[in-house]
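Asker: Okay, here's the prediction I keep looking at, along with the sequence it came from:
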Amino acid sequence: MQFRQQALAKLQSPEELDLPVRFARPQGWLVLTVTVVVVAAACVWAVTGSVASTVSAPAVLTHGEGSYILQSPVAGQVTAVLAKEGSRLPAGAPVLKVRTANGDTVVRTVAAGRVTALAAAIGQIVSTGANVAAVEKVARADDPLYATVYVPAQNAASVPVGAPVDLTVQTVPTQEFGVLRGHVKSVDRAARSARQISAFLGDSQLGEQFTEDGRPVAVLVRLDRSATTKSGYRWSSAQGPPYALTSMTLATGSIRLADQRPVDWLLP
């Protein structure tokens, strides 16, 4: 009964047509204004803005021309090792002496470089084509290092030349000395097989390791130089590590990809 009486009283009361109509309170206008501004800013950013992303991939520090695997041209027994690991040799320099049925044969370097590994010892029997040494193609001691980053093939098209790269070097404590800085010098558009990677690095194990998840693309990174660090390269810290870097050091490269638009507009 109480609700019925209230309803009848409301129907019998005159309409208040002479009173002004209030559309919204001041607080409501403020909320509406802020909402409109945010939506407009989001629309502008969706059209003109971009999203930066990175890709991380395994890397190795090398000299620009890489390495090669020296193979024995004959089968026989190694009677002498004529070179030492770490020695820098000219093209045609003797590395091993192998005794065959037709006499001794000297295994020589194909190109000038530094012997990074010897896989043969005195008394060892080697077959024709056996790997006996790895030689890095470096002519001078002051030749600069590069980093080769093996990026998944699906990301290669998004890697621009000149993109900044941060390299986490395995032999350098990151928390203390930071990351190594560099920029993309070139991008291989063809994926590399394990055999091609092994031939370039002079290490068959790395070839298998870098192709475990498919054939990657090699991205050559030029390391930023610095005259104030011991290594001669620029780091995210002021001084970097208090020692020089060596080739064939493993690292992880983080490459900034080309900026992507957040919204792709479909036009009729």
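Answerer: In hand now; what should we look at? For clarity, every value in this text was computed on a predicted model and none was experimentally measured.
Asker: partners of Val187 in the sheet?
Answerer: Beta-bridge pairing for Val187 (DSSP bridges): Val219.
Asker: burial measure for it, as a count.
Answerer: By other C-beta atoms under 10 Å, 19 other residues sit near Val187. In short, each C-beta sits where N, CA and C put it, glycine included.
Asker: In three-state terms, label Ala157 for me.
Answerer: helix (DSSP: H, G, I helix; E, B strand; the rest coil).
Asker: That one and Pro58, how far apart?
Answerer: From Ala157 over to Pro58 the distance is 19 Å, taken as C-beta to C-beta, to the nearest Å.
Asker: ok, Val135 touching Arg108?
Answerer: No. If you go by C-beta atoms under 8 Å, Val135 and Arg108 don't touch, sitting 10.6 Å apart.
Asker: My understanding was that His63 contacts Val135; is that so?
Answerer: No. Using C-beta under 8 Å, His63 makes no contact with Val135, being 11.3 Å away.
Asker: which residues in the stretch 1-150 of the chain form strands?
Answerer: Listed in chain order, the strands of the stretch 1-150 of the chain (DSSP state E, counting those that start in this stretch) span residues 54-63, 67-71, 76-81, 88-89, 94-100, 103-108, 113-118, 125-126, 131-136, 145-152.
Asker: Mean neighbour count added to the ones you listed, as CSV?
Answerer: Formatted as CSV, the strands of the stretch 1-150 of the chain follow (neighbours: other C-beta atoms under 10 Å):
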stretch, mean neighbour count
strand 54-63, 20
strand 67-71, 21
strand 76-81, 16
strand 88-89, 18
strand 94-100, 19
strand 103-108, 15
strand 113-118, 20
strand 125-126, 16
strand 131-136, 22
strand 145-152, 23
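Asker: Save those strands as a markdown table, and put in mean pLDDT and distance to Gly207 too.
Answerer: Rendered in a markdown table, the data for the strands of the stretch 1-150 of the chain read as follows (pLDDT from 0 to 100; distance: least, C-beta to C-beta, whole Å):
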| stretch | mean pLDDT | distance to Gly207 |
| --- | --- | --- |
| strand 54-63 | 91 | 11 |
| strand 67-71 | 87 | 10 |
| strand 76-81 | 94 | 25 |
| strand 88-89 | 88 | 24 |
| strand 94-100 | 94 | 22 |
| strand 103-108 | 94 | 22 |
| strand 113-118 | 86 | 14 |
| strand 125-126 | 94 | 21 |
| strand 131-136 | 88 | 12 |
| strand 145-152 | 94 | 10 |
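Asker: In TSV: those, plus distance to Thr246.
Answerer: Listed next are these as TSV, based on distance: least, C-beta to C-beta, whole Å:
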stretch	distance to Thr246
strand 54-63	7
strand 67-71	13
strand 76-81	22
strand 88-89	14
strand 94-100	21
strand 103-108	25
strand 113-118	10
strand 125-126	28
strand 131-136	10
strand 145-152	8
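Asker: which residue ranges form the helices in this structure?
Answerer: Assigned by DSSP state H, the chain shows helices spanning 2-12, 26-48, 174-177, 194-201, 204-210.
Asker: In terms of mean pLDDT, which of these ranks lowest?
Answerer: Lowest mean pLDDT within the helices of the chain: helix 2-12, a mean of 56.
Asker: who touches the nearest residue to Leu201 once chain neighbours are set aside in this structure?
Answerer: Once flanking residues are discounted, Leu201 sits nearest to Ser67: 5.8 Å by C-beta to C-beta, 6 or more residues apart in numbering. Contact partners of Ser67, counting by C-beta atoms under 8 Å, 6 or more residues apart in numbering, are Gly113, Thr116, Ala134, Val135, Glu136, Lys137, Phe200, Leu201, Gly202, Asp203, Met248.
Asker: State the distance from Ser67 to Tyr150.
Answerer: 15 Å.
Asker: Per-residue confidence, Ala238, what does it come out as?
Answerer: Note on Ala238: pLDDT of 88.
Asker: Check Glu16 too.
Answerer: At Glu16, pLDDT is 53.
Asker: Same question for Ala130.
Answerer: pLDDT, read off for Ala130, is 91.
Asker: From Val78, how far off is it?
Answerer: Ala130 is 10 Å from Val78, by C-beta to C-beta.
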